[in-house]
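Colleague: With the input below, show me the fold.
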Amino acid sequence: MKGAGFDPAFIPGLTSPASGRTEDDGPERDPEVAEAEEAEEAAPEQEETPETSPSEPEEADADGPVFEASDRRARMVADHRGVRLSLDDQECEFRWDEIGAVETETARFGKRYTVTVHTPDRRWYPIEIEAPARSRFTEWDEQLDAVLDAYFEEDAE
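Modeller: Below is the predicted model:
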């Protein structure tokens with residue numbers, strides 16, 4: 001009995017052709033990954049200084065309002081630099097001039113707080129944060145509104 005259920009190579013184009021490697025040759029490496037690893041090894045080590053450290057906040061205008069919300073997987077920070085979203089190991093950062101709108105939404109049931117960042121080129125980036133209690137929704141809305149009033153409206157004028 002031969003078929004795609006037992007051998008995916010039965011259907012032409014479903015799998016890549018065999019490379020002719022044997023088990024003794026070791027695992028096959030993706031050429032793009034191999035090139036990236038070689039470039040990483042060849043690059044000189046750079047020490048992080050206070051000017052280049054991404055985790056260090058800028059001191060200019062650091063006394064303004066800041067909104068920060070997080071749960072076990074997701075995190076959102078909005079401050080004078082812009083809006084930063086992270087989910088697990090994925091991160092994105094938006095400066096205030098890159099943002100068209102910021103929208104919030106709360107679940108009717110449950111404790112999910114959704115923030116969506118809209119860009120002028122009609123893309124949107126939502127993130128869901130699980131609140132410890134539904135009572136945090138109003139607190140988070142007030143904090144986010146204070147940040148948007150201080151920085152977003154200021155740049156729009």
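
Colleague: now do the same end-to-end measure for stretch 102-120.
Modeller: 11 Å (CA to CA, to the nearest Å).

Colleague: Share the number of residues neighbouring residue 70, please.
Modeller: 12 (other CB atoms under 10 Å). All C-beta atoms are positioned from the backbone trio N, CA, C, and that covers glycine.

Colleague: Then residue 147?
Modeller: Residue 147: 20 neighbours (other CB under 10 Å).

Colleague: Return the residues in contact with it.
Modeller: 64-67, 78-79 (CB atoms under 8 Å, 6 or more residues apart in numbering).

Colleague: Make JSON lines from the residues you listed and add pLDDT and distance to residue 139 to it.
Modeller: Shown next, in JSON lines, are these (pLDDT from 0 to 100; distance: CB to CB, whole Å):
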{"residue": "64", "pLDDT": "86", "distance to residue 139": "18"}
{"residue": "65", "pLDDT": "92", "distance to residue 139": "13"}
{"residue": "66", "pLDDT": "94", "distance to residue 139": "14"}
{"residue": "67", "pLDDT": "94", "distance to residue 139": "10"}
{"residue": "78", "pLDDT": "94", "distance to residue 139": "14"}
{"residue": "79", "pLDDT": "93", "distance to residue 139": "17"}
